[in-house]
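>>> Model the structure of this input:
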Amino acid sequence: MVAPSLKLATFADLAALPEDVRAEIIHGVIVEKARPSAEHGESQLSFGIVLGRRFQRRPGGHWPGGWWFGTEIDVEYETHEIYLHDIVGWRRDRVPERPSGRPVRIRPDWACEMLSRSNAKRDLVDKFKVLHTNGVPYYWIADPLEQTLVVHRWEPAGYLVVITAAAGDRVRAEPFDTVELSVSALFGVEDDEE
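All right, here's what the predicted structure looks like:
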């Protein structure tokens, strides 16, 4: 007896889902993303605000600028690997026009995931390997409950941890190391006074 072959999911399968379903494709399987907790949602918003204020602009002026950011954007790395990152960014010097459409097929320069129990393996193992294979220069893992941040930089042999930080720390976190960031402000537990 021959086992039936499994059909690997593609973007067409994601597009056929109802609009209210948050899902991604990992190793060819559609995986529904859990609804975010209050801590997850607040942290995702705060990361976007803090980084967006300083970097989501053209270069020049008081803040460095030079980036495009988005949240919950379908990014296709491979036909059967399409991720809905919590926050993702592209350098404007490499991608002069804002990435558009669904899915985005331009490799990001930075991706950040908010860790939760339901997605830990996917974010720490499955996505980690695919992002590295596809040359994403920086991958951040933020834990909203523990209020910790781990910054990874792409190296040929694998991602290198370049910073581990927690609420109360101030860091120059690659690739946004031209300014010092408050980890507490990133998580929304203190005001971003800068």
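
>>> and the gap between Asp126 and Ala16?
Applying CB to CB, to the nearest Å, the value for Asp126 to Ala16 is 23 Å. For every residue, glycine as well, the C-beta is placed using N, CA and C.

>>> Glu146 now?
Plainly put, Glu146 is 37 Å away from Ala16 if you go by CB to CB.

>>> Check the secondary structure at Glu42 for me.
Judged by DSSP: H, G, I helix; E, B strand; the rest coil, the three-state class of Glu42 is helix.

>>> right, and the helix or strand after the helix or strand of the chain with the lowest mean pLDDT?
Comparing every helix and strand of the chain by mean pLDDT, DSSP states H and E singles out helix 120-121 as the least confident one, with a mean of 80. Scanning the chain past helix 120-121 towards its C-terminal end, the next helix or strand to appear is helix 127-133 (assignment: DSSP states H and E).

>>> Which stretches in the protein count as helices?
11-15, 38-55, 120-121, 127-133, 183-186 (DSSP state H).

>>> Out of those, which one sits most buried?
Relative to the other members of the helices of the chain, helix 183-186 carries the highest mean neighbour count by mean count of other CB atoms under 10 Å, namely a mean of 22.

>>> any idea how far the nearest residue to Gly168 once chain neighbours are set aside lies from Glu190?
Leaving aside its chain neighbours, Gly168 sits nearest to Ser184 (6.1 Å; criterion: CB to CB, 6 or more residues apart in numbering). Computed with CB to CB, the distance linking Ser184 and Glu190 is 4 Å.

>>> likewise Phe55?
Relative to Glu190, Phe55 is positioned 20 Å away (criterion: CB to CB).

>>> now do Tyr138
Taking CB to CB as the measure, Tyr138 and Glu190 are separated by 24 Å.

>>> Which of those two has more residues huddled nearby?
The neighbour comparison of Tyr138 against Glu190 (other CB atoms under 10 Å) goes to Tyr138, with 21 against 14.

>>> tell me which residues form a beta bridge with Glu81?
Taking DSSP bridges, one obtains Glu78 as the residues bridged to Glu81.
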